[in-house]
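**Q** quick one, fold the following:
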Amino acid sequence: MIDATLKNANILIVDDQQANIDVLTSLLELKEYTNLTTTTDSRLVVTFFHEFKPDLILLDLMMPYLDGFQILEQLKELIPASTYLPILVLTADVTPDAKQIALAGGASDFLSKPFDLIEVDLRIKNLLKTRFLHQQLENQNQILEEKVKERTKELEKTNRELIIAKEKVDQSDKLKSEFLHQMSLEMRSPTNAVLSFTNLLREEMVEKITPDLLEYFNGIDSAGQRLIRTVDLILNVSEMQVSTNKPFFGEFDLLKEIIGKIIIEDKKIIENKGLIFNFSSMLSEAVIVGDQYSIYQIFVNLLGNAIKYTSKGDISINVFKDERGINVSIEDTGIGISEEFMEMMYHPVMQEESEDPNRYEGNRLGLALVKKYCDLNGIGLALVKKYCDLNGIAITVESKKAVGTKFTLVFANTK
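**A** Numbering: from 1, shown residues only. Predicted coordinates:
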């Protein structure tokens, strides 16, 4: 295939002696080269270069009007730097300077007369083969450049579309978060009012209250507290989305400022469910450095989930210290978590399915509003993970289906 291509190459012969041209022409025709053009007038080389577009030039040096060196200078201005156009100098000038000047001026090869026709044939064939390979490389580079340009345009278009899509998603998320934030604030006030009036009513009826009524009041209080927790959780999510809640890092006693308050808030709820609450601490105080608000939310969500998914048995909080720092474990005897789900449980929309999806209370309003906030357990654990990362808290979980779950928090930033 390549030999056939070489035979069709355009070869320009420049020599002021017709006899030399005839010898070269006979050789090339014998070797079946088909496209030959010759001239004895060196002044016409540039014209032939433009019209004939040679693939190889056989050039004499010693000629009238313009010698070979002058023609090489002219061609140097016309041949692009990226293009390989071989020029074989065939001359009777055997001086070393002539060869050096010719090769430095742009000649590809050099033979002195009288020359061996077999060698001339081989030199011509090698130069044309090199020309062919260069053209192939140029063509491939051109194709590659076109593909790169096309691909670049596609990527630029895709990037623009992605930027626009991201801006729309960000705007949508912001609007959803602002809506959830406003909705949560609107829900909190009337819920607090219901709980307050219920407590007042219970106090007014304290002498007349029956066991059944007391159970009703306790149910209202428990449901109201759960609704308050739901509102707080939605507020936390919206605050993280719209960045309204900025962390403040400082020293505080974890036992006094957070765990003690959590126990007071949730002990009654735990006991109302018929569960046993256990608390133990090897420390009299546990001073840490962190953002008190977000750490409080960690305990609210972990203990809230323990209460939510435990129908019998007990819930325990244990505090101790080891070489890693202050450890706090929250353990329950609830439904537990499968090993498969534990790898995904910190994703915001993940909640492991149970046989009875309505058995454990949760907020279904989020599902109607926006899918990513569809489940409070998923949101709670996602927030726990984010808040742990924010405060440099290591969190681990041990769980077994139908046996229970144990979350352990390790606070390394202690005083």
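**Q** which residues touch stretch 187-200?
**A** Outside stretch 187-200, the residues that touch it by C-beta atoms under 8 Å, 6 or more residues apart in numbering are 217, 220, 221, 224, 225, 227, 228, 231. All C-beta atoms are positioned from the backbone trio N, CA, C, and that covers glycine.
**Q** now with 10 Å, please.
**A** For stretch 187-200, the external contacting residues (C-beta atoms under 10 Å, 6 or more residues apart in numbering) are 216-218, 220-221, 223-225, 227-228, 230-232, 234-235, 365.
**Q** ok, of the residues you listed, which come out buried?
**A** 217-218, 220-221, 224-225, 227-228, 230-232, 234-235 (16 or more other C-beta atoms under 10 Å).
**Q** would you mind checking which of the contacts of stretch 187-200 is nearest to residue 122?
**A** Minimum distance to residue 122 across those is 85.8 Å, recorded for residue 234 (C-beta to C-beta).
**Q** mind checking pLDDT for the closest one?
**A** Looking at residue 234, its pLDDT is 68.
**Q** got it, and the one 4 residues further on?
**A** Residue 238 is assigned 62 on the pLDDT scale.
**Q** what do you get for residue 358?
**A** 45.
**Q** residue 316 now?
**A** At residue 316, pLDDT is 96.
**Q** quick check, it in a helix?
**A** No. Assigned with DSSP: H, G, I helix; E, B strand; the rest coil, residue 316 falls outside any helix and is strand.
**Q** once you drop chain neighbours, what's closest to it?
**A** residue 278 (4.0 Å; C-beta to C-beta, 6 or more residues apart in numbering).
**Q** quick one: buried residues of whichever strand or helix holds that neighbour?
**A** Assessed by DSSP states H and E, residue 278 sits inside strand 276-281. Within strand 276-281, the residues that count as buried by 16+ other C-beta under 10 Å are 277, 281.
**Q** next: stretch 196-206.
**A** 198, 202.
**Q** related to what we said a few turns ago, the buried ones among the contacts of stretch 187-200 in helices, which ones?
**A** Among the buried ones among the contacts of stretch 187-200, DSSP state H puts 217-218, 220-221, 224-225, 227-228, 230-232, 234-235 in helices.
**Q** any chance of these in a markdown table, plus distance to residue 130?
**A** As requested, those are exported to a markdown table (distance: C-beta to C-beta, whole Å):
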| residue | distance to residue 130 |
| --- | --- |
| 217 | 99 |
| 218 | 96 |
| 220 | 94 |
| 221 | 93 |
| 224 | 89 |
| 225 | 87 |
| 227 | 84 |
| 228 | 84 |
| 230 | 79 |
| 231 | 80 |
| 232 | 78 |
| 234 | 74 |
| 235 | 75 |
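**Q** so which residues of the chain form strands?
**A** For the chain, applying DSSP state E gives strands covering 10-14, 35-39, 56-59, 87-91, 109-112, 249-253, 276-281, 287-291, 314-322, 325-332, 393-400, 404-411.
**Q** okay, the angle between the last one and strand 287-291?
**A** For strand 404-411 against strand 287-291, the angle by axes from the mean of the first three to the mean of the last three C-alpha atoms, to 10 degrees is 90 degrees.
**Q** C-alpha coordinates for strand 404-411, PDB please?
**A** What follows is strand 404-411, C-alpha atoms only, in PDB (Å, rounded to 0.1, in the frame of the first residue of the first chain):
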ATOM      1  CA  GLY A 404     -30.300  -3.300  70.300                       C
ATOM      2  CA  THR A 405     -27.900  -0.500  69.300                       C
ATOM      3  CA  LYS A 406     -25.000   1.200  71.000                       C
ATOM      4  CA  PHE A 407     -23.500   4.500  69.800                       C
ATOM      5  CA  THR A 408     -20.200   5.600  71.300                       C
ATOM      6  CA  LEU A 409     -18.900   9.100  71.100                       C
ATOM      7  CA  VAL A 410     -15.200   9.900  71.700                       C
ATOM      8  CA  PHE A 411     -14.400  13.500  72.700                       C
END
